[in-house]
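A.B. asks: Turn this into a model:
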Amino acid sequence: MPSKKKSSLKSPKAKSRPAKKIAAQKSSVAAHQPTTPNEKDVVIFRDAILRHLKSTFAHDRITATRNDWWLATSMAARDLMLERYIATQAVHANNNIRRVYYLSLEYLMGRVLTNNLVNLRMRQVASMALKNLGQDLEVIADDEADMGLGNGGLGRLAACFLDSLATMDIPAVGYGIHYEFGLFRQTFVQGRQVEVADAWLSNNNPWLIRRPNLNVRVPLYGRVVNKIDDCGNHLSELVETKDLLGVPWDIPIAGFNASSVNFLRLWESRATTEFDFRAFDRGGYVEAVRERDISETISKVLYPNDSTESGKELRLVQQIFFVSCSLQDILRRYLRLNKSFDHLPDKIAVQLNDTHPSVAVAELMRLLVDEHRLGWDHAWGLCTMVFSYTNHTLLPEALETWSVPLFEKVLPRHLEIIYEINRRHLEAVDRRWPGDNEKKAELSIIQEGPVKRVRMAHLAVVGSHHVNGVAQLHTRLLREHLFASFDQLWPEKFINVTNGVTPRRWIRGCNPALGHLCDEVAGHGWETDLSRLKKFDTLADRPDFQAEFMGIKHANKVKLAAKIKELVGVEVSPDALFDVQIKRLHEYKRQHLNLLHILYLYRKILNNPHTQFQSRVCIFGAKAAPGYALAKHIIHAINRVAMVINHDPRVRGLLKVVYLPDYRVSLAEQIIPAADLSEQISTAGKEASGTGNMKLALNGAVTIGTLDGANVEIHEEVGDDNMFIFGLEVEEVAQLHLNGYSPQEVLNKDSELAAIIDWLRSDTFTPEQPGALSPVADSLVEGGDPYLVLADFRSYVEAQERVEIAFADRRRWAAMAIRNVARCAKFSSDRSINDYATHIWKAKPLPIPQS
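C.D. replies: Here you go, the predicted model:
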């Protein structure tokens with residue numbers, strides 16, 4: 001542990017803060033307000049808001065609603081961004097630079113106004129301008145809907161990466177889909193998840209810019225005709241296709257200090273013909289607009305249900321639609337500045353964010369060979385120098401495969417191309433392992449079986465020059481297990497890039513009081529160099545600094561307590577331990593392990609009525625996929641247990657459980673700054689990385705977790721004394737499964753755990769429907785407990801007991817929290833992007849001169 005020497009900070013302000021003065025302050029937040037902004041800037045921004053209020057939205061100060069104020073403020077901020085955007089794109093074009101193109105089916109952007117104001121360094125200016133107009137920025141910003149462009153960590157990572165690319169002046173464009181509806185809005189009825197359409201665009205969106213002059217056509221279905229051209233060369237042509245029109249919408253992405261403004265381009269699907277006049281003349285209006293309606297369903301919703309054949313077909317069409325639109329756009333931009341394809345790999349780097357965009361490998365070959373008439377070898381050489389692929393999962397079921405009959409129906413030419421890629425690939429495999437048919441079957445892009453399937457991850461690996469995992473452990477497991485033979489074939493292809501998060505949103509934006517404390521301790525510029533926060537380490541044991549830091553934490557907990565009361569009607573004490581698990585609901589993330597511990601605590605409190613316990617608030621936030629039955633049962637179980645505990649007077653307020661509905665970025669921004677304990681409890685070897693663990697640690701939450709994903713690296717950075725590790729490790733998990741795991745044997749040896757499982761199955765929590773929670777218990781016993789919840793339970797309980805001892809020692813806990821902030825510099829998305837740029841993309845920054 002670091003020595004308890006006095007701080008060497010030069011800042012006289014940091015040295016002169018006596019503990020008495022800190023304790024006397026009513027609010028640490030008030031102690032960390034920034035300096036007053038320039039008055040001229042405030043006036044200019046105020047006038048811009050009023051101009052848009054009047055000229056763009058036809059309102060004055062009297063008639064304007066809160067939404068009108070949000071729109072006008074957003075437009076005023078957008079004006080500033082677009083000036084820099086135009087300058088940025090002009091410099092990029094004039095220098096014919098190498099660009100990074102990031103292809104992702106998800107971008108979990110959250111709300112945009114506050115983040116853009118932070119990156120423009122205009123947050124205080126806007127706040128003061130609105131205050132002068134009788135408005136409150138925080139209230140107005142709350143009127144913005146989260147952009148419905150993503151679901152979980154994959155989409156949030158993509159959003160962080162766009163922020164870092166712009167901040168680091170790396171020329172880049174993000175590509176995705178302009179979804180009309182997000183995943184869904186989550187509500188609860190009697191504790192059960194109910195999905196409601198997320199119409200995030202219903203209230204206007206000032207950040208989207210439509211570009212109809214850049215529309216592209218995407219051919220689907222049809223059949224392949226093989227021809228010979230007038231020069232005697234063979235060519236393949238798709239005929240009788242059903243075409244879609246891709247309409248681009250751009251969102252400007254400002255880097256911190258707004259040096260560069262890159263953009264995210266989202267594709268909306270439209271019909272190539274809006275209206276069939278002949279059908280209309282026959283009196284058939286529905287028939288007249290039928291093609292338009294079918295075409296527009298492609299970009300209608302994020303992740304359509306693929307449990308049916310039509311749902312599977314829609315998802316495949318979604319993927320080729322956005323990939324083809326994006327690649328055509330990339331080639332259009334390239335050819336505008338270059339006469340031939342010889343320099344294509346020097347000018348473009350395409351990153352495939354997971355397997356969803358991997359059909360891009362076949363699509364680029366189609367475009368180069370069929371549309372631009374390049375020879376196969378030339379095209380394939382270019383293709384494999386352009387693409388790189390990020391894998392985000394170790395779960396085999398999450399690696400997309402498509403049945404060959406479906407692929408042939410939707411993408412007949414692409415299937416031909418994939419078969420040719422695979423033929424040549426297997427020739428290389430045979431040269432490496434002559435006559436080894438098992439190795440060929442393992443590495444083939446086509447999976448043999450009663451119904452052949454196209455392995456999209458294999459296509460991405462074969463067609464990319466680099467494949468990266470997203471944490472050191474994840475990459476090791478990719479190389480040793482998931483892609484072991486590929487690693488033997490191409491060991492130089494596999495590389496690690498640990499994920500990261502942007503400190504602009506996840507400290508400066510969502511936790512401004514902590515951000516101002518960072519200014520005082522580390523000086524300005526920490527937002528782009530988190531290593532400066534190492535100065536917190538030297539202050540971690542000082543009582544005055546601890547009081548200041550924990551005062552900020554307490555103020556954030558007071559705010560969250562008010563939000564909890566507003567959302568679910570439960571009163572919680574900000575003095576309690578705020579125990580937080582916020583992430584996508586999945587068995588491997590083990591929210592039900594947390595639930596078993598809650599039942600353990602509840603039982604302990606009831607059976608020891610005269611014993612004092614550490615008060616605790618267990619906070620959940622997660623959505624379950626609509627078709628994931630067990631995940632929805634887990635949500636129901638948590639909510640029903642919460643209802644009983646929160647209304648049981650015997651608990652004496654020592655334990656509260658709250659499940660906040662409709663978890664999303666804007667809600668995470670309120671939870672994370674207030675968290676004391678960060679639950680990162682996935683089964684070892686199942687979580688690729690995680691980024692919630694990083695956000696929580698950077699905001700001073702202490703992690704309880706397994707050695708899984710990026711937890712391993714967080715543990716390396718913060719040290720054993722500042723984290724609570726439990727559970728089986730990866731090798732132990734594998735050995736347990738190999739030896740034959742028996743959940744019943746665990747219960748036979750642990751009567752307390754067996755009693756909890758029986759309690760969960762009883763009618764205690766669902767008296768109107770006895771046994772309603774049994775599916776959760778059944779999955780752990782009769783279902784075989786695939787994610788080893790029962791096996792890790794006792795270790796988890798012991799770790800939680802260590803948590804309670806530490807939290808009771810307020811000085812020790814404060815030091816742990818502070819050191820988490822100090823030692824997590826590695827987990828900035830700027831470091832991640834620098835790793836990609838240096839080792840994979842070979843991309844260089846291009847600073848944009850300030851006008």
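
A.B. asks: How about D229, nearest residue that isn't a chain neighbour?
C.D. replies: L235 (5.4 Å; Cβ to Cβ, 6 or more residues apart in numbering). For glycine as for every other residue, the C-beta is placed from the backbone atoms N, C-alpha and C.

A.B. asks: Now the helix or strand containing that neighbour: average pLDDT?
C.D. replies: Secondary structure here is read from DSSP states H and E; on that basis L235 sits in strand 234-239. Model confidence over strand 234-239 averages 91 on the pLDDT scale.

A.B. asks: following that strand, which helix or strand shows up next?
C.D. replies: strand 242-254.

A.B. asks: tell me which strands and helices that following strand is in contact with?
C.D. replies: Using 3 or more Cβ pairs under 8 Å, 6 or more residues apart in numbering; DSSP states H and E as the contact test, the elements touching strand 242-254 are helix 66-94, helix 153-167, strand 209-210, strand 216-220, strand 261-271, helix 309-337.

A.B. asks: Could you look over these and pick the most buried one?
C.D. replies: When neighbours are counted by mean count of other Cβ atoms under 10 Å, the highest per-stretch mean among those falls to helix 153-167, a mean of 26.

A.B. asks: Pull the number of nearby residues for the nearest residue to L426 once chain neighbours are set aside.
C.D. replies: If the residues on either side of it in the chain are set aside, L426 comes closest to K440, at 5.3 Å by Cβ to Cβ, 6+ apart. Other residues within reach of K440, judged by other Cβ atoms under 10 Å, total 17.

A.B. asks: so what's K440 up against?
C.D. replies: With contact taken as Cβ atoms under 8 Å, 6 or more residues apart in numbering, K440 is in contact with 426, 429-430, 433.

A.B. asks: For V558, state which of the residues you listed is nearest.
C.D. replies: Out of the contacts of K440, the one with the shortest distance to V558 is V429. That distance is 61.4 Å, counting by Cβ to Cβ.

A.B. asks: The closest one belongs to a helix?
C.D. replies: Yes: under DSSP: H, G, I helix; E, B strand; the rest coil, V429 sits within a helix.

A.B. asks: Wait, it touches I445, no?
C.D. replies: No: V429 lies out of contact with I445 (Cβ atoms under 8 Å); the separation is 10.9 Å.

A.B. asks: Please say which of the two ends up with more neighbours.
C.D. replies: Neighbours of V429 and I445, each counted by other Cβ under 10 Å, are more numerous for I445; the result is 24 against 20.

A.B. asks: Model confidence score at that one, please.
C.D. replies: 98.

A.B. asks: distance of it from S762?
C.D. replies: 51 Å (Cβ to Cβ, to the nearest Å).

A.B. asks: rewinding a little: wait, what's in contact with the residue nearest to D229?
C.D. replies: Applying Cβ under 8 Å, 6+ apart, the residues contacting L235 are 226-229, 370, 373.

A.B. asks: Just the buried ones from those residues?
C.D. replies: Neighbour-count burial (16 or more other Cβ atoms under 10 Å) is assigned, among the contacts of L235, to D370.

A.B. asks: neighbours around the residue lying closest to G191 once chain neighbours are set aside, how many?
C.D. replies: Excluding the flanking residues, the one nearest G191 by Cβ to Cβ, 6+ apart is N639, at 3.2 Å. Neighbourhood size, N639 [other Cβ under 10 Å]: 22.

A.B. asks: In this structure N639 contacts V189, no?
C.D. replies: No: if you go by Cβ under 8 Å, N639 and V189 don't touch, sitting 9.9 Å apart.

A.B. asks: Overlap of the contact sets of the two?
C.D. replies: In terms of Cβ under 8 Å, 6+ apart, N639 and V189 are not both contacted by any residue.

A.B. asks: May I see the buried residues of stretch 229-236?
C.D. replies: Within stretch 229-236, not a single residue qualifies as buried, counting by 16+ other Cβ under 10 Å.

A.B. asks: Dump it to CSV, keeping only the CA atoms.
C.D. replies: Only the C-alpha atoms of stretch 229-236 are listed here, as CSV (Å, rounded to 0.1, in the frame of the first residue of the first chain):
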residue,chain,number,x,y,z
ASP,A,229,-18.3,-9.3,-71.2
ASP,A,230,-17.2,-7.7,-74.5
CYS,A,231,-13.6,-8.2,-73.5
GLY,A,232,-14.0,-11.9,-73.0
ASN,A,233,-14.0,-11.8,-69.2
HIS,A,234,-16.3,-13.8,-67.0
LEU,A,235,-18.6,-11.7,-64.8
SER,A,236,-21.5,-12.3,-62.4
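
A.B. asks: Which stretches in the stretch 751-851 of the chain count as helices?
C.D. replies: Per DSSP state H, counting those that start in this stretch, the stretch 751-851 of the chain carries helices over the ranges 751-761, 774-780, 789-808, 810-822, 829-836.

A.B. asks: and L394, which of those is closest to it?
C.D. replies: Distances from L394 to each of the helices of the stretch 751-851 of the chain were compared using Cβ to Cβ; the minimum, 17.7 Å, belongs to helix 789-808.

A.B. asks: So which residues of the stretch 401-550 of the chain form strands?
C.D. replies: Counting by DSSP state E, counting those that start in this stretch, the stretch 401-550 of the chain has these strands, from start to end: 401-403, 446-447, 453-455, 466-469, 494-496.

A.B. asks: returning to what we had before: nearest to G705, out of the helices of the stretch 751-851 of the chain?
C.D. replies: When these are compared for distance to G705 using Cβ to Cβ, the nearest one is helix 789-808, at 8.8 Å.

A.B. asks: Using PDB, write out every CA atom in the closest one.
C.D. replies: Output in PDB follows, covering the C-alpha atoms of helix 789-808 (Å, rounded to 0.1, in the frame of the first residue of the first chain):
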ATOM      1  CA  VAL A 789     -24.200 -19.700  -9.100                       C
ATOM      2  CA  LEU A 790     -24.400 -22.300  -6.300                       C
ATOM      3  CA  ALA A 791     -20.700 -23.200  -6.600                       C
ATOM      4  CA  ASP A 792     -19.700 -19.600  -6.000                       C
ATOM      5  CA  PHE A 793     -22.300 -18.700  -3.400                       C
ATOM      6  CA  ARG A 794     -20.400 -19.300  -0.200                       C
ATOM      7  CA  SER A 795     -17.300 -17.500  -1.500                       C
ATOM      8  CA  TYR A 796     -19.500 -14.600  -2.600                       C
ATOM      9  CA  VAL A 797     -21.100 -14.400   0.900                       C
ATOM     10  CA  GLU A 798     -17.700 -14.300   2.500                       C
ATOM     11  CA  ALA A 799     -16.600 -11.500   0.200                       C
ATOM     12  CA  GLN A 800     -19.700  -9.600   1.100                       C
ATOM     13  CA  GLU A 801     -18.900 -10.000   4.800                       C
ATOM     14  CA  ARG A 802     -15.500  -8.400   4.100                       C
ATOM     15  CA  VAL A 803     -17.300  -5.600   2.300                       C
ATOM     16  CA  GLU A 804     -19.400  -4.800   5.400                       C
ATOM     17  CA  ILE A 805     -16.300  -4.800   7.700                       C
ATOM     18  CA  ALA A 806     -14.500  -2.400   5.300                       C
ATOM     19  CA  PHE A 807     -17.600  -0.100   4.900                       C
ATOM     20  CA  ALA A 808     -18.000   0.200   8.600                       C
END
